[in-house]
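Colleague: sequence and predicted structure below; questions after.
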Amino acid sequence: MSDITELQRAIGQVKAAVGELRAKYGDIPAVRRLVNDVERLDIDTCDFRNEPDTPMPRRPQVSEHEVVVVPDTPYDREMFRGADDEYVRHDD
């Protein structure tokens, strides 16, 4: 099964689930957004399938057999200044 065919099958399953939500909860804003999102996914998938020059799959930058050494030395703390840590703001 191709990637696109598998994606379309999954979108079909999501459409069915969203249809069940619509039947259960009615036409509330959250359901309308989900319907719109699923329709957009379906349209984009069809557009991808209809591309005249379907892109070639990307090749990994690193071979699966190549070892990448990641140093275990500490990172410079300044690199992360102002970044959130698990949704907790740290003001140094």
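Modeller: Ah, there it is. These figures come from a predicted structure and were not determined experimentally.
Colleague: CA only for contacts and neighbour counts going forward, please
Modeller: Fine.
Colleague: count the neighbours of M56 for me.
Modeller: 6 (other CA atoms under 10 Å).
Colleague: can you show me the helices along the chain?
Modeller: Remark: helices assigned in the chain by DSSP state H are 3-25, 29-49.
Colleague: so what's the model's average confidence on the shortest one?
Modeller: Pointing back at helix 29-49 there. Per-region confidence: helix 29-49 scores 92 on mean pLDDT.
Colleague: how about the contacts made by the spatially most central residue of the chain?
Modeller: Using CA atoms, centre = their mean, the residue of the chain that lies closest to the mean C-alpha position is L41, 11.1 Å off. Applying CA atoms under 8 Å, 6 or more residues apart in numbering, we find L41 in contact with I11.
Colleague: tell me the spacing between it and D72.
Modeller: 41 Å (CA to CA, to the nearest Å).
Colleague: next: P29.
Modeller: For P29, the distance to D72 - CA to CA - is 48 Å.
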